[in-house]
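**Student:** could you work out the structure for the sequence below:
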Amino acid sequence: MQKGEFVRINYRGIVKETGEVFDEGKNIPIVVGEGFVIRGLDEVIEKMNVDEKKKVELPPEKAFGKRRPELIKVFPLSAFREHNLDPKPGMVVNIDGVLGRIVSVSSGRVTVDFNHPLTGKHIIYEVEILSKIEGEEEKAKALVEYFFGEKEKFSVEINKESVKVYIEKPVPESVKIPISETMKKFLGVKEVTFLEKQ
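**Tutor:** Here you go, the predicted structure:
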């Protein structure tokens with residue numbers, strides 16, 4: 001595979017230490033080498049061919065990173081009580097837009113770990129490249145599908161300058177922006193518009 005090529009993959013992510021399957025995808029469109037999957041898996045896919053299957057083990061630094069002690073923070077229990085929260089170990093909380101997991105509650109203090117839950121773990125990936133995605137329209141569709149998932153019903157019109165995405169329900173700005181930026185980068189268009197299907 002070449003960096004920047006569009007392909008469809010099947011994959012399964014397994015935590016080596018526990019055997020837990022934490023992520024699985026079938027017929028998922030990605031752009032090779034561009035961060036659509038974690039770095040270690042991207043590097044593996046770049047060395048594969050269509051119809052090839054691989055099983056690889058990724059160390060933490062090529063998967064979800066090493067544990068960073070500075071991402072473990074302590075808060076006063078009163079800060080949670082003010083928001084009518086009764087913190088318990090294992091609970092996931094959103095603090096200033098960042099998700100963390102409560103590690104302990106004691107002596108009026110709450111310890112929250114903002115490391116990714118899979119930080120420090122060895123990850124096994126099973127991956128298969130199903131096909132290349134060719135043609136600008138198919139690539140545009142693949143990008144919409146990547147951000148929305150297959151459940152959404154949509155169609156696209158593309159020319160050299162712009163892409164029109166017709167979709168059945170309103171698209172939030174938080175989704176429009178990454179789709180638009182990604183299309184501009186990989187398809188070379190200047191404008192992306194979203195229109196509701198009538």
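**Student:** ok but I30 is inside a strand, no?
**Tutor:** Yes: checked against DSSP: H, G, I helix; E, B strand; the rest coil, I30 lies within a strand.
**Student:** all the strands of the chain, residue numbers only.
**Tutor:** Under the criterion DSSP state E, the chain contains strands at 6-15, 21-31, 53-58, 72-76, 92-95, 98-106, 109-113, 123-132, 154-158, 162-167, 191-196.
**Student:** now do the fourth one against strand 98-106, angle only.
**Tutor:** Read that as strand 72-76. Per axes from the mean of the first three to the mean of the last three Cα atoms, to 10 degrees, the angle that strand 72-76 makes with strand 98-106 is 60 degrees.
**Student:** save the strands of the chain as a markdown table, and put in mean neighbour count and distance to V44 too.
**Tutor:** Every residue, glycine included, has its C-beta placed from N, CA and C. Shown next, in a markdown table, are the strands of the chain (neighbours: other Cβ atoms under 10 Å; distance: least, Cβ to Cβ, whole Å):
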| stretch | mean neighbour count | distance to V44 |
| --- | --- | --- |
| strand 6-15 | 19 | 10 |
| strand 21-31 | 16 | 12 |
| strand 53-58 | 14 | 5 |
| strand 72-76 | 13 | 31 |
| strand 92-95 | 12 | 30 |
| strand 98-106 | 15 | 27 |
| strand 109-113 | 19 | 29 |
| strand 123-132 | 18 | 7 |
| strand 154-158 | 17 | 30 |
| strand 162-167 | 18 | 30 |
| strand 191-196 | 14 | 31 |
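**Student:** could you dump those to CSV with distance to M183?
**Tutor:** Listed next are those as CSV, based on distance: least, Cβ to Cβ, whole Å:
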stretch, distance to M183
strand 6-15, 12
strand 21-31, 11
strand 53-58, 29
strand 72-76, 38
strand 92-95, 30
strand 98-106, 28
strand 109-113, 36
strand 123-132, 18
strand 154-158, 9
strand 162-167, 5
strand 191-196, 5
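**Student:** format those strands as JSON lines; extra columns: mean pLDDT and distance to P178.
**Tutor:** Shown next, in JSON lines, are the strands of the chain (pLDDT from 0 to 100; distance: least, Cβ to Cβ, whole Å):
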{"stretch": "strand 6-15", "mean pLDDT": "97", "distance to P178": "16"}
{"stretch": "strand 21-31", "mean pLDDT": "95", "distance to P178": "13"}
{"stretch": "strand 53-58", "mean pLDDT": "97", "distance to P178": "25"}
{"stretch": "strand 72-76", "mean pLDDT": "96", "distance to P178": "28"}
{"stretch": "strand 92-95", "mean pLDDT": "91", "distance to P178": "20"}
{"stretch": "strand 98-106", "mean pLDDT": "94", "distance to P178": "19"}
{"stretch": "strand 109-113", "mean pLDDT": "97", "distance to P178": "27"}
{"stretch": "strand 123-132", "mean pLDDT": "97", "distance to P178": "23"}
{"stretch": "strand 154-158", "mean pLDDT": "92", "distance to P178": "15"}
{"stretch": "strand 162-167", "mean pLDDT": "93", "distance to P178": "13"}
{"stretch": "strand 191-196", "mean pLDDT": "92", "distance to P178": "11"}
